[in-house]
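[1] Model the following, please.
(2 chains)
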Amino acid sequence: MALTEKDVLYVADLAHLELTDEEVKKFVPQLDSILQYMQKLNQLDTTNVEPMAQVATATAENSALRPDQARRTFSQQDAMARAPEPGGGCFKVPRVIERS
Amino acid sequence: MDFTNLTIEDIQGILTRREASAEEITRAHFERIHQKDSDVRAYLSLCEDKALDQARRVDQQISAGEPLLPLSGVPVAVKDVIMTQGLPTTCASKILERYSAHYSATAVSRLESAGAIILGKTNCDEFAMGSSTENSGFFPTHNPHDLTRVPGGSSGGSAAAVAANLATVALGTDTGGSIRQPAAFCGVAGMMGTYGRVSRYGLVAFGSSLDHIGPFGRSVRDVARVMKAIAGRDPLDSTSADVPVADYENALDGRVRGLKVGVPGEYFEGLSPEIGRNIEKGIALFEKLGCEVKPVHLRHTEYAVGCYYIICTAEVSSNLARYDGVRYGYRSPEYSDLRDMYRKTRNQGFGAEAKRRIMLGTYVLSSGYYDAYYLKAQKVRTLIARDFVEVFDEVDVIITPTSPILPFKLGERVNDPLQMYLADIYTVTASLAGIPGISVPCGKSKGDPSLPVGMQILAKHFDEARLLQVADAFEKAGGFEVA
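    Residues are numbered from 1 along each chain as shown, chains lettered A, B, ... in the order given. Down below sits the predicted model:
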């Protein structure tokens, strides 16, 4: 496998990153060498091995559950206070639906 | 008297005997920070007024004859990925440059309820991603033992602050070694508890199945005191464990005779000979203390770096999706539409390593590669975790070097991310298995400059008391200064 510029641009698009040409040139060999290194894992036979998604400790399962009750966290004012562009109690973003 | 090189017990003795006030001790720390931190650059922000208020409150409690709390009057530094109400919390990222937290992490509120005085927020690699603190979006931190070298990372600011006496203790975070490795590089003690031991409510997420909050200190007893204060179940973090917290300081009884200490051969391949020499002296010290040293094998160690970087980057790509310029943080000033705003915001806001990891994580999770990378890594993670379960049937603790390399020069490794990742080999294994680990100083290298060497001690799940007992016995036997 060799990673191409096209692959890097495709992944950047999935990740909502707009990379500069310079960044793309730098990332192709860097990401390629890291991904190739990661393929070392294929040396291991993992047939019948369960995937580990989380560290399962004795009590983790029960303690993850709690009653589903509403509780007060932050006021709307608090939640909006750090928005780059708040307005009318909303987060303003560029128009996504065109007027017909 | 210098108040900045003291242990927690020293500080509390001074307060109890009324030899100095908490305010004087706090002021002494800020004076030192103002003198020294222009060289070390451990702190991103200070909260002097708030700290002095807190200190005066402690002094009032003492005047009123109230007993001291476990951390009353103790100056603490907090890594800037941990939320502190009303204070900046930037994650050392331009994307959160002007962000201040509107609530505190549970670990921070527990420190404050125990009487601690927060001095400020420390520098780190952006979003805790890195091993040198050079990935900070603002400036690098310098190693107090040699200012031309890195302090390690990602919690380099917290480690350097404690090493340079700019705080008595500090909070850091560890995902693949980010407490233990900078502790080793800066010659202090740094601990990561079992996965779930410390609540992560208010920790800005990086790798959710791997992230931990933990303490730095200049003595094992200080680390034990802070660990006790922050550990335990928190209803606000569903991954925090409902397991009783032992009295860690009670465990520091020096009774290590007869304990079985495992030494895995896989951790002594390809490391700096200087480090190998010191660790072997450290191991000899355990024999002198009456421990039984046994060779053990952790057979899947060589796969750990690959496994770790697949899993952590996958989690990064999910966790960093929230930085989109909508609800908080930076927003690009110019864009054509919503999608363009996301893309420009993220490209201008994130640094190179954050982008690299988002890219890697997006790739390994993407259609057609998920099974080959992500699922494969989760299976290998099972094998790595099993290695530890088997070895802990035979031994009480495992001893390894913390890092295969000594603190390196600033700029020396930034252009080779794979080399940087490979140096995490001795720390990522415990992170994947979710077991607790501590790094303690194990003498210094012989060359010029003479640089700190760190020894890692690992124990089984929730055996923090054993880990601290062994680390403390090592410290008391002079292990921190082996030569």
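[2] sec struct for the nearest residue to B:Met191 once chain neighbours are set aside, please.
    The shortest distance from B:Met191 to any non-neighbouring residue, by CB to CB, 6 or more residues apart in numbering or on different chains, is to B:Ile438 (4.2 Å). Placement of C-beta: from N, CA and C, glycine included. Secondary structure, DSSP: H, G, I helix; E, B strand; the rest coil: B:Ile438 is strand.
[3] From chain A, how far out is the residue nearest to B:Ala459 when sequence neighbours are not counted?
    Nearest residue to B:Ala459, sequence neighbours excluded (CB to CB, 6+ apart): B:Leu467, at 4.2 Å. As judged by CB to the nearest CB, to the nearest Å, B:Leu467 and chain A stand 16 Å apart.
[4] Does B:Leu467 lie in a helix or a strand, and which?
    helix B:464-476 (DSSP states H and E).
[5] same deal with B:Val261?
    Per DSSP H and E: strand B:260-264 holds B:Val261.
[6] relative to helix B:464-476, how tilted is that strand?
    80 degrees (axes from the mean of the first three to the mean of the last three CA atoms, to 10 degrees).
[7] Strand B:260-264: partners in the sheet, and parallel or antiparallel?
    strand B:292-296 (parallel), strand B:397-401 (parallel) (DSSP bridges).
[8] Tell me which residues of it come out buried.
    B:Val261, B:Gly262, B:Val263, B:Pro264 (16 or more other CB atoms under 10 Å in any protein chain shown).
[9] got it, and stretch B:387-401?
    B:Asp387, B:Phe388, B:Val391, B:Phe392, B:Val395, B:Asp396, B:Val397, B:Ile398, B:Ile399, B:Thr400, B:Pro401.
[10] Single out the residue in chain B that lies closest to chain A.
    B:Gly434 (3.0 Å; CB to the nearest CB).
[11] Once you drop chain neighbours, what's closest to that residue?
    A:Val55 (3.0 Å).
[12] cool, and B:Phe206?
    B:Phe206 sits nearest to B:Ala128 (CB to CB, 6+ apart), 4.9 Å away.
[13] which one of the buried residues of stretch B:387-401 sits closest to A:Gln36?
    Of all those, B:Asp387 has the smallest distance to A:Gln36: 24.6 Å, by CB to CB.
[14] so how far is B:Thr173 from B:Gly156?
    In this view, B:Gly156 and B:Thr173 are 12 Å apart by CB to CB, to the nearest Å.
[15] Name the residue in these two with the higher neighbour count.
    B:Gly156 (37 against 25; other CB atoms under 10 Å in any protein chain shown).
[16] and stretch A:8-26, how far out from the chain's middle?
    15 Å (CA atoms, centre = their mean, to the nearest Å).
[17] if we can go back for a sec, how much space separates the residue of chain B closest to chain A from B:Thr175?
    Counting by CB to CB - B:Gly434 and B:Thr175 are separated by 12 Å.
[18] residues contacting the residue of chain B positioned farthest from its centre?
    Distance from the C-alpha centroid of chain B peaks at B:Ser336, with 41.2 Å (CA atoms, centre = their mean). By CB atoms under 8 Å, 6 or more residues apart in numbering or on different chains, the residues touching B:Ser336 are A:Pro94.
[19] what does B:Gly130 give?
    With CB under 8 Å, 6+ apart, B:Gly130 has these contacts: B:Cys124, B:Gly153, B:Ser154, B:Glu353, B:Met420.
[20] measure A:Val28 to B:Tyr363 for me?
    A:Val28 is 12 Å from B:Tyr363, by CB to CB.
[21] hmm, I was thinking of B:Ala20
    56 Å.
[22] Which one of the two is surrounded by more residues?
    Higher neighbour count among B:Ala20 and B:Tyr363: B:Tyr363, with 26 against 17, using other CB under 10 Å.
[23] And for stretch B:4-21, what's in contact with it?
    B:1, B:3, B:22, B:25, B:28-29, B:32, B:55, B:58-59, B:62, B:68, B:71-74, B:165-166, B:168-169, B:217-219, B:221-222, B:225.
[24] Can you point out the buried residues in it?
    Neighbour count says stretch B:4-21 has B:Thr4, B:Leu6, B:Thr7, B:Ile8, B:Ile11, B:Gln12, B:Ile14, B:Leu15, B:Ala20, B:Ser21 buried, by 16+ other CB under 10 Å.
[25] In a helix, the second one, correct?
    No - per three-state DSSP, B:Leu6 lies outside any helix segment and is coil.
[26] quick one: which of the contacts of B:Gly130 sit in helices?
    B:Glu353, B:Met420 (DSSP state H).
[27] want to throw the contacts of B:Gly130 into TSV with distance to A:Glu5 and neighbour count?
    Formatted as TSV, the contacts of B:Gly130 follow (distance: CB to CB, whole Å; neighbours: other CB atoms under 10 Å in any protein chain shown):
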residue	distance to A:Glu5	neighbour count
B:Cys124	32	34
B:Gly153	30	30
B:Ser154	30	35
B:Glu353	20	21
B:Met420	24	19
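[28] Please tabulate the contacts of B:Gly130 in a markdown table, including the columns pLDDT and distance to chain A.
    Shown next, in a markdown table, are the contacts of B:Gly130 (pLDDT from 0 to 100; distance: CB to the nearest CB, whole Å):
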| residue | pLDDT | distance to chain A |
| --- | --- | --- |
| B:Cys124 | 98 | 21 |
| B:Gly153 | 97 | 18 |
| B:Ser154 | 98 | 18 |
| B:Glu353 | 97 | 10 |
| B:Met420 | 95 | 10 |
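[29] Spit out the contact partners of residue 51.
    Just going to use chain A. Contacts of A:Pro51 by CB under 8 Å, 6+ apart are B:Leu375, B:Gln378, B:Lys379, B:Arg381, B:Thr382.
[30] nope, chain B
    B:Thr26, B:Phe30, B:Pro75, B:Ile117, B:Ile118, B:Leu119, B:Gly120.
[31] can you check B:Lys260 too?
    Contacts of B:Lys260 (CB under 8 Å, 6+ apart): B:Cys291, B:Glu292, B:Lys294, B:Glu394, B:Val395, B:Asp396, B:Val397.
[32] and what of B:Ser366?
    A:Val11, A:Leu14.
[33] Repeat that for B:Leu252.
    Counting by CB under 8 Å, 6+ apart, B:Leu252 has contacts B:Val220, B:Arg221, B:Ala224, B:Leu468, B:Gln469, B:Asp472.
[34] now with 6 Å?
    Going by CB atoms under 6 Å, 6 or more residues apart in numbering or on different chains, B:Leu252 touches B:Asp472.
[35] Next one, pLDDT for it please.
    pLDDT, B:Leu252: 98.
[36] for A:Ala64, same thing?
    For A:Ala64, the model assigns a pLDDT of 69.
[37] Check the one 10 residues further on too.
    You'll see A:Phe74 listed with a pLDDT of 84.
[38] Which helix or strand contains it?
    Counting by DSSP H and E, A:Phe74 is found in no helix or strand.
[39] Could you count how many residues lie near the spatially closest residue to it that is not a sequence neighbour?
    Among residues not flanking A:Phe74 along the chain, B:His102 sits closest, at 6.4 Å (CB to CB, 6+ apart). Using other CB under 10 Å, B:His102 has 17 neighbouring residues.
[40] distance of the residue nearest the centre of chain A from A:Val96?
    Nearest to the mean C-alpha position of chain A, by CA atoms, centre = their mean, lies A:Ala15 at 7.5 Å. Taking CB to CB as the measure, A:Ala15 falls 20 Å from A:Val96.
[41] any idea which helix or strand carries B:Lys355?
    Using DSSP H and E, B:Lys355 falls in helix B:352-365.
[42] Point me to the residue of chain A nearest chain B.
    A:Val55 (3.0 Å).
[43] biggest helix in the chain, by residue count?
    Using chain A. Chain A, longest helix under DSSP H: helix A:21-38.
[44] looking at chain B here, not the other one
    helix B:22-40.
[45] for it, packing partners?
    Judged by 3 or more CB pairs under 6 Å, 6 or more residues apart in numbering or on different chains; DSSP states H and E, the packing partners of helix B:22-40 are helix B:48-63.
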